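Colleague: Got a predicted model here, sequence first, then my questions.
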Number of protein chains: 2
Amino acid sequence: MIEFEEALKIILSREVFPEAEEVELSCSINRVLAQDAVSDMDMPPFNKSAVDGYACRRSDLADELKVLEIIPAGQIPQFRIKENECSKVMTGAMVPEGADCIIMIEDVEVLSSDKIKFTAEKTSDNICYTGEDIRLGDVVLKKGLLIKPQHIAVLASVGYSRPKVYRKPKVNIITTGDELVEPHQKPDVGKIRNSNAWQLIAQCEAMNVSVDYSGIAPDSKEETLVMIRKALADNDVILITGGVSMGDYDYVPDVLLEAGFTFYFKSVAMQPGRPTLFSSHKSGKFCFGLPGNPVSSFNQFELLVKPLLYKMMGHVYKPVVLHLPLAKDFHRKKSKRLNFIPVLLNPEGEALPVEYHGSAHINSLNDAYGLMSIPIGTTEIKKGDIVNVRPV
Amino acid sequence: MIEFEEALKIILSREVFPEAEEVELSCSINRVLAQDAVSDMDMPPFNKSAVDGYACRRSDLADELKVLEIIPAGQIPQFRIKENECSKVMTGAMVPEGADCIIMIEDVEVLSSDKIKFTAEKTSDNICYTGEDIRLGDVVLKKGLLIKPQHIAVLASVGYSRPKVYRKPKVNIITTGDELVEPHQKPDVGKIRNSNAWQLIAQCEAMNVSVDYSGIAPDSKEETLVMIRKALADNDVILITGGVSMGDYDYVPDVLLEAGFTFYFKSVAMQPGRPTLFSSHKSGKFCFGLPGNPVSSFNQFELLVKPLLYKMMGHVYKPVVLHLPLAKDFHRKKSKRLNFIPVLLNPEGEALPVEYHGSAHINSLNDAYGLMSIPIGTTEIKKGDIVNVRPV
């Protein structure tokens, strides 16, 4: 049994070879940028008016000003501003030469069709200066970035209409367990529905990874081996749930060995999530054996699988870890494993552990905002102490 | 000009009529549940072993135990456990009648093929009791829930293989501005690339709303009216960026009036984001006029548009608001508007404002974890004071 940090280090030390492909800008969210995005222009590309108003010289603010022209956004000014002159400018328009400030429409009295007067006491420049946000040649977004909607605006503005992103890894999901039936079936006595596979599919889709599902493996080594070999042919990563523990029917490790996998670990000092296996194939592909209980499987995907999938997409995953005050005293009896407890955010913004019966307690994550981690060796945490919470 | 809270209240007071549809379970993440999900069984449905071990009677722990059978998960036990008897059980298997605890494999010495002895000092029950997590008839997930991967497991386990979810609203995006060219084009002097439309498309897609793009409206009332009428025919919500301010070419309000829209507000006391318009059409459809600057447009989508879109999907949106200590002193000169400042999380988990030049500073959101809100009237916040941060 190894500790979580060691398990993660082993996983992330595997070599991967992400490949790039071009996609439409509108298809690039939740993909990883495979190139530095370099600006082909200054932003703004000209001195730009930040407001609707009149471009003029600060030294003339006490005087009546003659209006030379109206400059809409997107048009080139015809006149240079000289003493006691101004031009009306729209937000986003080029500031005419000679002007050093824009007085806002609200601060102006219109005296006649071409005469105005500044009526306020003072004004800001109200000019966005050439290149103040981005300079021509600046790297605006770095290779390896996980693209979110706000980055789409940046890519658009510097001309990346078809950004290069890394190919999505292909994940195949296999569940094991003779006790499982699929969700559309009513379980007979002694059976339950398969929830893990569908949850893992959703977790993969939420991070925009390609995912396929092989079904429930029968409790037979031979048939499971066939399933694994087939999944291996067409995918980069296999996730198998169940069958990795100490039971007589937990033959997943044997089958993986026979399929040519090398194991790095089979057990991690985590609760939930101990029976977790990580292995690689000589083809460069990977297989995780995940616990059969749905809360364990959910957590191990978030904590161990996701970092590898992101690495395969060319992204260094740095999960958000919030430091939040605990809403009430917490204690546990055993402290040999790193514990993850579902918590919600109370109205005070504190982490409040939810009712949680253990790794089979499927609905304990219903209202959870995140997972609070309890380090090995810690049995007590007091209300108000700061705990680490990973949003899920 | 109205305040943000009032604007949000107006938006959310509009009546909407979400319609339901059935989808495949694997397509239901980021959709909103249109029915209570009721369990058709107890969970667990039987007394279930939580470990691999031997089911026996606590009163016999001091004695040698005869092994009656091996019970894999999914099979029905054949024998009742009586004095000094046990059955081997796998994790997830039914606990045989008569047993009141499961001793773990690790705590057992195997004496012969059908004799074992408990070697530890004490044991937990290691039994998950019938219905301890979910009772037959329990509402496990409520109508209106925004479905995340962890809820997929719950839906699967209680048999919702085709859950009813609300139909996605259809959003159409129109940008205005003669200064705009599309991302694949190189802007001429005085022009910039259109970033808002692509960002809004991404924001809609990130929340799993149907989205279509009409293009850049020319600075002509007639042509814009045609575009709006066309968008109105096929969509539930129109988002128009730009053209809502005080400039001579800001004719969006006029065109919307002509298209039959009624305005609720045209200006909100927010920075960025003041020139924001909300209107509804007699057909029951809505139109937002969003600011032309990309940071403003991003924020107003998150703060005002998203709550309406979720309402149209049958979901009461309660954005996460974290209470985080501020990493360094903050001050601003003007305090008449509710201010939103992009912040990142520093390693101490504090909110650290990023470099931010204003609403056109397109790359200020690159590294932002969230938006810190500065209330009206507040000009100073000290390092260490708690601020409200909405993750973006």
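Modeller: Right, received. Where do you want to start?

Colleague: so where does the closest residue to residue A:97 other than its chain neighbours fall, helix or strand?
Modeller: Counting by CB to CB, 6 or more residues apart in numbering or on different chains, residue A:80 is the residue found nearest to residue A:97 once chain neighbours are left out, at 4.4 Å. No exception for glycine: its C-beta is placed from N, CA and C like everyone else's. Under the criterion of DSSP states H and E, residue A:80 resides outside all helices and strands.

Colleague: tell me the contacts of residue A:80?
Modeller: In this structure, residue A:80 makes contact with A:96-98, judged by CB atoms under 8 Å, 6 or more residues apart in numbering or on different chains.

Colleague: Closest to residue A:173 out of the residues you listed?
Modeller: Checking the contacts of residue A:80 against residue A:173 by CB to CB gives residue A:96 as the nearest, at 62.4 Å.

Colleague: okay, now the closest one: neighbour count?
Modeller: Per other CB atoms under 10 Å in any protein chain shown, the neighbour tally for residue A:96 reads 23.

Colleague: could you list every residue that touches it?
Modeller: A:55, A:68, A:71, A:77, A:79-81, A:87, A:89.

Colleague: Helix, strand or coil: sort out residue A:121 for me.
Modeller: coil (DSSP: H, G, I helix; E, B strand; the rest coil).

Colleague: how near is it to chain B?
Modeller: 14 Å (CB to the nearest CB, to the nearest Å).

Colleague: Equivalent analysis for residue A:165, please.
Modeller: 13 Å.

Colleague: just to revisit the earlier point, out of the contacts of residue A:96, what pair is the most spread apart?
Modeller: Largest separation among these by CB to CB: A:80 and A:89, giving 13.8 Å.

Colleague: circling back to that earlier point, name the nearest of the contacts of residue A:96 relative to residue A:385.
Modeller: Using CB to CB, the contacts of residue A:96 come closest to residue A:385 at residue A:89, 55.9 Å.

Colleague: who are the neighbours in contact with the residue nearest to that closest one when sequence neighbours are not counted?
Modeller: Closest residue to residue A:89 apart from its sequence neighbours, by CB to CB, 6+ apart: residue A:49 at 4.3 Å. Listed by CB under 8 Å, 6+ apart, the contact set of residue A:49 reads A:55, A:89-95, A:102, A:126-128.

Colleague: what's the answer for residue A:194, then?
Modeller: When contacts are counted by CB under 8 Å, 6+ apart, residue A:194 touches A:175, A:177, A:180-183, A:216, B:156.

Colleague: contacting residues for the residue of chain A most remote from its centre?
Modeller: No residue in chain A sits farther from the centre than residue A:112, which is 55.6 Å out by CA atoms, centre = their mean. Shown in contact with residue A:112 (CB under 8 Å, 6+ apart): no residues.

Colleague: Swap in 10 Å and give it another go.
Modeller: Residue A:112 sits next to A:64, A:66-67 when contact means CB atoms under 10 Å, 6 or more residues apart in numbering or on different chains.

Colleague: Filter those residues down to the buried ones.
Modeller: A:66-67 (16 or more other CB atoms under 10 Å in any protein chain shown).

Colleague: Can you tell me what sits against the longest helix along chain A?
Modeller: The residue-count maximum for a helix in chain A (DSSP state H) belongs to helix A:221-234. Helix A:221-234 has contacts (CB under 10 Å, 6+ apart) with A:170-174, A:176, A:212-218, A:220, A:237-240, A:243, A:249, A:251-252, A:254-256, A:258-261, A:281, A:283, A:285, A:287.

Colleague: Go again with 7 Å.
Modeller: By CB atoms under 7 Å, 6 or more residues apart in numbering or on different chains, the residues outside helix A:221-234 that reach it are A:170, A:172, A:174, A:176, A:214, A:217, A:238, A:251, A:254-256, A:258-259, A:281, A:285.

Colleague: got it, and stretch A:62-77?
Modeller: Here stretch A:62-77 has contacts from A:54, A:56, A:78-79, A:84-94, A:96, A:111, A:114-117, B:177-179, B:189-191, B:219, B:248-249, using CB under 7 Å, 6+ apart.

Colleague: In helices, which of these fall?
Modeller: Among those, the subset assigned to helices under DSSP H is empty.

Colleague: Can you go through those and name the buried ones?
Modeller: Buried by 16+ other CB under 10 Å: A:54, A:56, A:85-94, A:96, A:116, B:177-179, B:190-191, B:219, B:249, out of the contacts of stretch A:62-77.

Colleague: could you pull out the helices for chain A?
Modeller: A:4-12, A:149-157, A:196-206, A:221-234, A:252-258, A:294-300, A:306-312.

Colleague: looking at these, which is buried most?
Modeller: Using mean count of other CB atoms under 10 Å in any protein chain shown, the stretch among these with the largest mean neighbour count is helix A:294-300, at a mean of 28.

Colleague: how long is stretch A:18-34 end to end?
Modeller: Start and end residues of stretch A:18-34 are separated by 9 Å (CA to CA, to the nearest Å).

Colleague: can you list contacts of that stretch?
Modeller: Contact with stretch A:18-34 is made by A:141, A:143-149, A:152, A:155-156, A:160-167, A:207-208, A:312-315, B:183, B:198, B:201-202, B:205-206, as judged by CB under 7 Å, 6+ apart.

Colleague: Next one: stretch A:143-155, is it in contact with chain B?
Modeller: Yes. Judged by CB under 7 Å from any CB of the partner chain, stretch A:143-155 comes into contact with chain B at A:149-154.

Colleague: show me where pLDDT drops low in chain A?
Modeller: Where chain A drops to pLDDT under 70, the residues are A:246.

Colleague: Show me the domain layout of it.
Modeller: A:4-16+A:167-312, A:20-43+A:133-166, A:48-128, A:322-391 (automatic domain parsing).

Colleague: how long is the shortest one from one end to the other?
Modeller: Across its full length, domain A:20-43+A:133-166 reaches 4 Å end to end, with CA to CA as the criterion.

Colleague: just how off-centre is it within its chain?
Modeller: Relative to the mean C-alpha coordinate of its chain, domain A:20-43+A:133-166 is positioned 16 Å out (CA atoms, centre = their mean, to the nearest Å).

Colleague: what's the answer for the longest one, then?
Modeller: In terms of CA atoms, centre = their mean, the centre of domain A:4-16+A:167-312 is found 22 Å from the chain centre.

Colleague: what's the answer for the third one, then?
Modeller: Here the centre of mass of C-alpha atoms in domain A:48-128, compared against the chain's by CA atoms, centre = their mean, lies 44 Å away.
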